[in-house]
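J.: Structure, please.
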Amino acid sequence: MHNERVRSPVSRSALSLVALATASTLVVGGCSSGSDASGGDDSSASASSASSPSPSSTVKVPDGTKLTEQGSNLGLAVGARVIFEPSVGRGSVLDLTVNKIRRGRLSDFKGFILDDAYKKNASYYYVSVQVKNVGESDVGGLPVPLWGVNQANTLLPAVNFTTRFARCPSQPLPKRFGPGKAISTCLVYLSPGKGKLTGVSYRPSQEFNPITWRGTVLPPATGPKKG
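T.: Residues are numbered from 1 along each chain as shown. Reported below is the predicted structural model:
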């Protein structure tokens, strides 16, 4: 049993975003087996606003399905219906809901080795997310581009764990994630410079006007870790 090093993520400014498909993620390994922040208000745009898919999209939107308007600002626990198309010819329609955002603590990462920048000068956030495939194709095994957004308007990639993190158990979409399948998971974001997380954004490409969830950020959990 041994500790593994946490490598710093590559965070990207929303104003100079490059292709998201090439974005680096933070890889976390380990030996384990297993007060309100400035998160905005709970006001939201309608999650059922009509929106047309991109003319270049190959994803079939089921009849009667209304997509959430690009640029929508949603409150926590409000669903968004979006096209998820990681590659040409492969994609589906997803219902995404960011349910809760909670502050974490450095002590939660006991057993992990953090780079100094993230050990001494970072903020930690845990985000509860629900994903449901309401389209017609399988998109299993693919990461959904949900980014943390901090007060500097920087996009933060979710941590990619190589072992179970008990405080916020994260998992990718299952290898098979066909129509009707759903999953609840938890995403971890590390914000450098003690930056506050102000929202979570669905932004699959630079051209996409992001859909963003904002709301009250809960204080760190007390008591034993989940697991």
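
J.: Count the residues that sit near residue 176.
T.: 10 (other CB atoms under 10 Å). The way it works is simple: take the backbone N, C-alpha and C, and place the C-beta from them, glycine included.

J.: And for the one 3 residues further on?
T.: Counted with other CB under 10 Å, the burial measure for residue 179 works out to 15 neighbours.

J.: Give me the most central residue, the chain.
T.: residue 146 (3.3 Å; CA atoms, centre = their mean).

J.: longest strand anywhere in the protein?
T.: Looking across the chain with DSSP state E, the single longest strand is strand 90-103.

J.: mean confidence score for whatever helix or strand comes next after it?
T.: Downstream of strand 90-103, the next assigned helix or strand under DSSP states H and E is strand 113-114. On average, the pLDDT along strand 113-114 is 75.

J.: ok, back up a step: can you list the buried residues in the longest strand of the chain?
T.: Neighbour-count burial for strand 90-103, counted by 16 or more other CB atoms under 10 Å, picks out 91-99, 101-103.

J.: again with stretch 134-151
T.: For stretch 134-151, by 16+ other CB under 10 Å, it's 134-135, 137-139, 142, 144-151.

J.: Mind checking which of the residues you listed are in strands?
T.: Those of the buried residues of stretch 134-151 mapping onto strands are 146-150, per DSSP E.

J.: what lines up beside the longest strand of the chain in the sheet?
T.: strand 79-87 (antiparallel), strand 122-133 (antiparallel), strand 217-218 (parallel) (DSSP bridges).
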